[in-house]
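J.: sequence first, then the predicted structure:
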Amino acid sequence: MRICLFLLMVTALANSGVGAVTRSDLSPAALGLLPPQSTTLALKDGRMVQGELMANESNDRETVIRNTSGKIISKQRYLRTEILEVRPENLEVLLANLLKEFHLSTKTNLTATAYADTINLCDEFMKHWPASKEISWVSGKRKSFADEQAQLAKGLEKLEGEWMPPIQASLTRYAALCQIITKAQAQYPSIESPNYTQNPTAKNSFDGVLERRRAIARRLPSLMTERIPILLQAKEFDQAATEMDLFLRFWVEHVTKNKTNRSHSGRGGDSEFAEMDFSVLITMEKKILESYLANRNPDELKPPANSDPSLVFIPGGLFLLGRENATPADADFPMRLIRIKPFFIQQCEVSNAEYRRFVEHVRTTQDYSMEHPDAPPLKDHQASGWKTPSLSRDNQPVVGVDWFDAYAYAKWKGLRLPTEAEWELAARGHDCRMYPWGATTPAEMAVNTPSGRAYVAAEMDKRDPPPPAKRFSCTREEPRPPRKLPVETWNVDQKTPSELQGGLYTFDPADNPYGLLHMAGNAAEWVQDWFDQASYSVMKQTDPVNTTKGSGHVFRGGSYLSQDQELMTTARGNGTPPHLSKGCQPNTLIPIIGFRCVKEIGELPITTK
């Protein structure tokens, strides 16, 4: 068939312009989205005809245009004399219109391929038509897709419009399914029973939701074991700790703290959770902490400028709070990764002499500006320990003070009481010590508790035994009774009792990781938090403090009268009225509780090497 001069003109028009973009310049991805090549004919009667130019069927007398609509193909023939103008396809407009059809979801994320394809098309458009009037919104669309692509690359998922870690996304889906199950149980009583037959359609739907939730439950542990190593490899320790804590708290809530879950499907009673080995979670937490500490920036461990030599710097960061072998019935369950800001803490407990200066200030000035809002008006801050001579020497710790006394003194000094989390980190360090000095029992350490004093006294007898009985004596000399140390507090700045200060006896010191004295024994110590048996299960992960009023405030560390288990770095005391709240033992009314203070530094970033 002879190709007419007219078609050559059309072809020339379609490719006219220096550097004009043709289909051959486009990527296969872009070509795959474009409709068949389109030409527009402007007819002399005012009509506009658009379609695919059929060059092999056209000639110098007529032009053939083909249109396709679904499975219907139609062809129109137009005489050369009818045509006013031939307009080639506008690839710029075509591709811009195509890009307008690409949208982000307001609720969920797209696939990685969808993000990449859209970004590539935007890049292609901006490359070929940099001066296009559409360039601004194309660039904006590219940025919005690239932002979500970056979130997806981090391993996050978009759920109901919020980007979240995969663990959180799974737990959110799980909670949503639990709500559906609970509503179904309310609407269809006994629907969870295998024998339910009243509404087969509802039963099938209910069982399907149960199975979807079980699938999430079964997937969660492997999701954790896959996800945490990836985060550690990327040195995303903070994110690893966050995701680990999300799963651990979920596990505790749905299994450990609510045994009825096992028989209540609406609350998440899946046997998969009940059969999990909790020690696996603790092992994962330890791996996160180990990696974090190994990669920690040494600059974080350097104390900021401080003019008060009585304060010791605690670097803060991630640490494990709670006892590894605690059970759900214990107040120090579960062991959790917590992060706190760095802070200063007093090396020694507040002494009688220091506290007397505060009491004297209040007495002489009638200044009550430092009082807690809930403190009794015109509060008397006298310490109960001052009524006992053996507890009232200047360099002994003040004991027999209530929480309001400790709060007021700290504020007067420009300090505050430590939170439970701060106190626990200061006591045990990042190596999770059972006692401030390590794992050795108090009965083998020079520490001011009944077992510790008995150990010190026995060692003194070994090193300084009584003289042997006289062989030729008319009177029989009674052997010296076992030595006993006084039941009293030791000086705040001394690691051993005054009886050992002459240098005749030396003992391995009960050293704390940071050089703090008497973090176990001597005086128990008030902290900021109200006591809640379940605090460790529900407290927030970052800088936690329980401000919800309870039966009493928390005291920590044990006293000179405490048994060994009360000296553990995770042991928590509840200062309930009427006596413990005043810093005294409930039965004997003996003063036992004092305190030490902390100074805030401000937030410092968690960084790595």
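T.: Received, thanks.
J.: just the strands from the stretch 401-550 of the chain, written as ranges.
T.: Under the criterion DSSP state E, counting those that start in this stretch, strands of the stretch 401-550 of the chain are mapped to 524-530.
J.: low-scoring pLDDT stretches of it, where are they?
T.: Where the stretch 401-550 of the chain drops to pLDDT under 70, the residues are 466-480, 501-505.
J.: what's the weakest-modelled helix or strand in the chain?
T.: helix 5-14 (a mean of 42; mean pLDDT, DSSP states H and E).
J.: just checking, next helix/strand downstream of it?
T.: helix 28-33 (DSSP states H and E).
J.: check which residues of that next one are buried.
T.: Buried positions in helix 28-33, judged by neighbour count with 16 or more other C-beta atoms under 10 Å: Ala30, Leu33. Where C-beta positions appear, they are placed from N, C-alpha and C, glycine not excepted.
J.: buried stuff in whichever helix or strand comes after it?
T.: Sequence order places strand 39-43 as the next helix or strand after helix 28-33, per DSSP H and E. For strand 39-43, a neighbour-count test (16+ other C-beta under 10 Å) marks Thr39, Thr40, Leu41 as buried.
J.: how close does the first one get to Leu84?
T.: Meaning Thr39. Distance, Thr39 to Leu84, using C-beta to C-beta, to the nearest Å: 14 Å.
J.: next up, the contacts around Pro497.
T.: Neighbouring residues of Pro497 by C-beta atoms under 8 Å, 6 or more residues apart in numbering: Asn448, Arg453, Val456, Leu485, Pro486, Trp490.
J.: correct me, but Pro450 touches Gln563?
T.: Yes. Counting by C-beta atoms under 8 Å, Pro450 touches Gln563, with 7.3 Å between them.
J.: look at these two and report which has more neighbours.
T.: Pro450 (17 against 12; other C-beta atoms under 10 Å).
J.: OK, contacts around that one?
T.: With contacts taken as C-beta under 8 Å, 6+ apart, Pro450 has the following neighbours: Val487, Leu561, Ser562, Gln563.
J.: domains for the protein, by residue range?
T.: 5-89, 95-159, 165-295, 352-449+489-600 (automatic domain parsing).
J.: and the second one, how far out from the chain middle?
T.: If I follow you right, that is domain 95-159. 32 Å (C-alpha atoms, centre = their mean, to the nearest Å).
J.: ok, stretch 482-496 next?
T.: Taking C-alpha atoms, centre = their mean, the mean C-alpha location of stretch 482-496 is offset from the chain mean by 42 Å.
J.: please begin residue numbering at 303 from this point
T.: Got it, first residue is 303 now, which makes that one stretch 784-798.
J.: how long is it from one end to the other?
T.: Taking C-alpha to C-alpha, to the nearest Å, stretch 784-798 runs 19 Å from one end to the other.
J.: identify the residues contacting that stretch?
T.: Outside stretch 784-798, the residues that touch it by C-beta under 8 Å, 6+ apart are 650-653, 692-693, 695, 697-699, 701, 748, 750, 752, 755, 758-760, 762-763, 799-801, 803, 807, 809, 811-812, 819-820, 824-825, 862-863.
J.: in it, what's buried?
T.: Result for stretch 784-798 [16+ other C-beta under 10 Å]: buried residues Arg785, Leu787, Glu790, Thr791, Trp792, Asn793, Val794, Gln796, Lys797, Thr798.
J.: what's the answer for stretch 683-690, then?
T.: His683, Ala685, Ser686, Gly687, Trp688.
J.: now the two most distant members of the residues you listed.
T.: Using C-beta to C-beta, the buried residues of stretch 683-690 reach their maximum pairwise distance at His683 and Gly687, which is 12.5 Å.
J.: shared neighbours, these two?
T.: Val703.
J.: what's the local residue count around the residue lying closest to Leu333 once chain neighbours are set aside?
T.: The shortest distance from Leu333 to any non-neighbouring residue, by C-beta to C-beta, 6 or more residues apart in numbering, is to Arg325 (6.3 Å). The burial count assigned to Arg325 is 12, neighbours taken as other C-beta under 10 Å.
J.: tell me the pLDDT at the most centrally placed residue in the chain?
T.: Taking C-alpha atoms, centre = their mean, the centroid of the chain lies closest to Thr544, which sits 3.4 Å from it. For Thr544, the pLDDT comes out at 94.
J.: try the one 3 residues further on
T.: pLDDT, the model's per-residue confidence, is 95 for Asp547.
J.: which helices and strands sit right next to the helix or strand hosting it?
T.: Asp547 is located in helix 539-553, with elements delineated by DSSP H and E. Helix 539-553 is packed against helix 468-489, helix 502-535, helix 580-596, strand 619-623, strand 638-642, with contacts defined by 3 or more C-beta pairs under 8 Å, 6 or more residues apart in numbering; DSSP states H and E.
J.: from the chain's centre, how far out does it sit?
T.: With C-alpha atoms, centre = their mean, you get 6 Å for helix 539-553.
J.: no more questions from me, cheers.
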